[in-house]
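Asker: the sequence isn't on hand, but the structure is:
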């Protein structure tokens, strides 16, 4: 019956289908095959399967599966090309130079850097990558590519994005460019001086900027494309000093560089379509130039991660003559990064004043560490009560560790206002909610029960920092508890005496010291009440949330750290709603590998489960990973 539909209608329908469904339909008949192949190959991704062999992409295996020349021509339909690799222990093996010194246990020094062995290894590494890129690019239709993503986290080989490079010559109609490069390499940025030759960019994202050559390439590229940029995202590998925000990041001339007799042009006119600005470790200006206010006040989305002078910058925006019109705001800050400035006010007043200076936020994502006063943050969030659809809040605090308290570490910290959540957000409107893993899921449930029947929540995420619990496998613990068919724990409680459990990880909070037991066997000194593990509590909460008296619109319940994809895979657990069939036992479904248990209202799912995000009208994947603790190119284990 599908074959009877006109080609144009078939193509329009297929555009709404996931890639897996398109590939399956293309095998049904010759007409569907010829109709859907252009869609199936519109986006192509080549991957490095291992972080330990970044120069081994699956390009060769792809062409071995498409040995027929006509099959290779399917790449003529490709408009979005990506090269990606996992980034977990990010700095250990991205660069040959860094890896050599790391494995030898030596300090990197200028006297030994660049010796013949390291140079040869580096060149061979890039040559391997270069050959594979050339093979892929050779089968693309000239000037057909619209998006190019380099997510390997390595240097880009010569001959592609340098002056007169292959991409610049053959695919100069790119509108979307994503770069994740390794700023630790001494040769980084040497092959990117041709970025300004791409003159149609609407979106530019670059993570890992560090070297002066990279900053220069960035400035020239941004300046060239500013008239049509809608999205600009820049992440520095380290806090870079001695660069000017307006000139080196936005590509705007500094006042002292404007020729005599000329006036400084309105920067908003240079960026007439800029809607989204994301900055990480960027040096923000201490003062907002008056004629530059319109540029920031016209933004719809602003993201600031660990930027220097960030609170001063927000203070300037809140006092601007032009009201901010943000729809989305994401802010990650740690006051300890700036404590060298003794005059700096490390409370949250600049942030709360900024949030109170305008209305209309729909998406608010905050991660705050080591601030002295957060008492007004609830008021600032509630200020956007009538429009807020997505809220993520994660707090961390410096606490004493060890029996004698001689050392301090920054740990996850649950704010007291979270237990007054219904007073802060409109439960009839909010769609996605992410909070610190609560002191007690039971307490959180008791606060949500009165408003559960009218709740519009579709995604609920209980967060914690994966680096703190990297030795735990949260999903495995949940699966073990479900497989054991343990009854729900009737009196979940907190143990405050470490003698009552063994092999425990301690999480400090402002309420109590919580013991997260890895063993389910109580010590002989413990009381008769059963110990309630985190897995038990989470399962107990999930049973209620997906059950008949829980949250009727909830589709996804997440627990753990979803920063940067699978970096903290062991510290992630995803539940989704499912209809329960009587007598059904544990099984692996064929819809993304989810696992179900008899009598449960939920099943454990993976991020690739196609049923996971049904009926959710938002950027759900990115929501789980907002406000990461580290940057993408910063290893959590160093």
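Answerer: Sure thing, it's come through. Given the structure is predicted, the values throughout are model-derived calculations rather than measurements.

Asker: show me what contacts the spatially closest residue to residue 43 that is not a sequence neighbour?
Answerer: Residue nearest to residue 43 in three dimensions, not counting chain neighbours: residue 80, with 4.0 Å by CB to CB, 6 or more residues apart in numbering. Backbone N, C-alpha and C define where each C-beta goes, glycine included. Each residue near residue 80 by CB atoms under 8 Å, 6 or more residues apart in numbering is listed here: 42, 43, 44, 145, 146, 147, 149, 176.

Asker: now those residues in TSV, with neighbour count, secondary structure and distance to residue 607?
Answerer: Below are the contacts of residue 80 laid out as TSV (neighbours: other CB atoms under 10 Å; DSSP: H, G, I helix; E, B strand; the rest coil; distance: CB to CB, whole Å):
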residue	neighbour count	secondary structure	distance to residue 607
42	16	coil	22
43	15	strand	18
44	19	strand	21
145	21	coil	27
146	17	coil	26
147	17	strand	22
149	18	strand	19
176	19	strand	23
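
Asker: correct me if wrong: residue 563 contacts residue 631.
Answerer: No. Taking CB atoms under 8 Å as the definition, residue 563 is not a contact partner of residue 631, at 10.0 Å.

Asker: between those two, tell me which one has more neighbours.
Answerer: More neighbours surround residue 563 than the other of residue 563 and residue 631, with 23 against 20 (other CB atoms under 10 Å).

Asker: list the contacts for the more buried one?
Answerer: Taking CB under 8 Å, 6+ apart as the test, what residue 563 contacts is 466, 625, 628, 629, 630.

Asker: let's see 7 Å
Answerer: Applying CB atoms under 7 Å, 6 or more residues apart in numbering to residue 563 gives the contacts 466, 625, 628, 629.

Asker: quick one: mean pLDDT for stretch 293-312?
Answerer: For stretch 293-312, mean pLDDT rounds to 91.

Asker: got a list of contacts for it?
Answerer: Contacts for stretch 293-312 (CB under 7 Å, 6+ apart): 239, 266-268, 271, 274-286, 317, 320-334, 337, 350-351.

Asker: cool, stretch 190-204 as well?
Answerer: For stretch 190-204, contacts defined as CB under 7 Å, 6+ apart pick out 156-158, 161-165, 168, 172-177, 213-214, 217, 220-222, 224-225, 228-232.

Asker: how far away from the center of its chain is it?
Answerer: In terms of CA atoms, centre = their mean, to the nearest Å, the centre of stretch 190-204 is found 24 Å from the chain centre.

Asker: and if you look at stretch 549-567?
Answerer: 14 Å.

Asker: buried stuff in it?
Answerer: For stretch 549-567, the neighbour count (16 or more other CB atoms under 10 Å) marks 550-551, 554-565, 567 as buried.

Asker: of those residues, which one scores lowest on pLDDT?
Answerer: Across the set of these, residue 565 stands lowest in pLDDT, at 82.

Asker: residues near residue 468, how many?
Answerer: Using other CB under 10 Å, residue 468 is surrounded by 19 other residues.

Asker: would you say it is within a helix?
Answerer: Yes. Under DSSP: H, G, I helix; E, B strand; the rest coil, residue 468 sits within a helix.

Asker: pull the contacting residues for it.
Answerer: Residue 468 neighbours (CB under 7 Å, 6+ apart): 411, 412.

Asker: equivalent analysis for residue 452, please.
Answerer: 549, 550, 551.

Asker: next, it: phi, psi?
Answerer: With angles defined as degrees, to the nearest 10, residue 452 sits at phi -60, psi -40.

Asker: also residue 65?
Answerer: Dihedral pair for residue 65: phi -80, psi -10, per degrees, to the nearest 10.

Asker: count of residues packed around it?
Answerer: 10.

Asker: and residue 23, by the same measure?
Answerer: Counted by other CB under 10 Å, the residues lying close to residue 23 total 15.

Asker: assumed it was part of a strand.
Answerer: No. Counting by three-state DSSP, residue 23 is not part of a strand but helix.

Asker: how far away from the center of its chain is stretch 73-92?
Answerer: Averaging C-alpha positions (CA atoms, centre = their mean) puts stretch 73-92 17 Å from its chain's average.

Asker: give the rounded mean pLDDT of that stretch.
Answerer: Stretch 73-92 comes out at a mean pLDDT of 85.

Asker: also stretch 200-212?
Answerer: Mean predicted lDDT for stretch 200-212 stands at 94.

Asker: same question, stretch 144-161
Answerer: Computed over stretch 144-161, the mean pLDDT rounds to 93.

Asker: neighbours around the closest residue to residue 220 other than its chain neighbours, how many?
Answerer: Excluding the flanking residues, the one nearest residue 220 by CB to CB, 6+ apart is residue 196, at 4.0 Å. When counting by other CB under 10 Å, one arrives at 21 neighbours for residue 196.

Asker: buried ones in the helix ranked longest in the chain, by neighbour count?
Answerer: If you go by DSSP state H, the chain has its longest helix at helix 116-138. Using 16+ other CB under 10 Å as the test for burial, helix 116-138 gives 118, 122, 125, 126, 129, 130, 132, 133, 135, 136, 137.

Asker: now do stretch 34-52
Answerer: Quick answer for stretch 34-52 (16+ other CB under 10 Å): 35, 36, 37, 39, 40, 41, 42, 44, 46, 47, 48, 51.

Asker: next one: it to chain centre, how far?
Answerer: Relative to the chain's own centre, stretch 34-52 is displaced by 22 Å; criterion: CA atoms, centre = their mean.

Asker: likewise for stretch 364-379?
Answerer: The answer for stretch 364-379 is 20 Å, by CA atoms, centre = their mean.

Asker: what's the end-to-end length of it?
Answerer: When the termini of stretch 364-379 are compared using CA to CA, to the nearest Å, they are 14 Å apart.

Asker: let me see the mean pLDDT of the longest strand anywhere in the chain.
Answerer: Secondary structure of the chain per DSSP state E: the longest strand is strand 390-401. The average pLDDT within strand 390-401 is 89.

Asker: in the stretch 401-550 of the chain, which spans are strands?
Answerer: Along the stretch 401-550 of the chain, counting by DSSP state E, counting those that start in this stretch, strands occupy 407-412, 432-436, 459-463, 504-508, 513-517.

Asker: could you pull out the buried residues of the first one?
Answerer: Yep, that's strand 407-412 we're talking about. Neighbour-count burial for strand 407-412 flags 410, 411, 412 (criterion: 16+ other CB under 10 Å).

Asker: thinking the second one is in contact with residue 399, fair?
Answerer: Translated: residue 411. Yes. Applying CB atoms under 7 Å, one finds residue 411 in contact with residue 399, separated by 5.3 Å.

Asker: helix or strand for residue 269, just tell me which one.
Answerer: For residue 269, the host element (DSSP states H and E) is helix 267-270.

Asker: just after that helix, pick out the following helix or strand.
Answerer: strand 276-280.

Asker: that next one - contacts with which helices or strands?
Answerer: strand 231-236, strand 301-305 (3 or more CB pairs under 7 Å, 6 or more residues apart in numbering; DSSP states H and E).

Asker: tabulate those strands (CSV), appending distance to residue 356 and mean neighbour count.
Answerer: Shown next, in CSV, are the helices and strands packed on strand 276-280 (distance: least, CB to CB, whole Å; neighbours: other CB atoms under 10 Å):
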stretch, distance to residue 356, mean neighbour count
strand 231-236, 27, 22
strand 301-305, 16, 19
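
Asker: for those strands, which one sits closest to residue 181?
Answerer: Between residue 181 and those, the shortest gap by CB to CB is with strand 231-236, which sits at 10.1 Å.

Asker: roughly how far out does the closest one sit from the chain middle?
Answerer: The answer for strand 231-236 is 13 Å, by CA atoms, centre = their mean.
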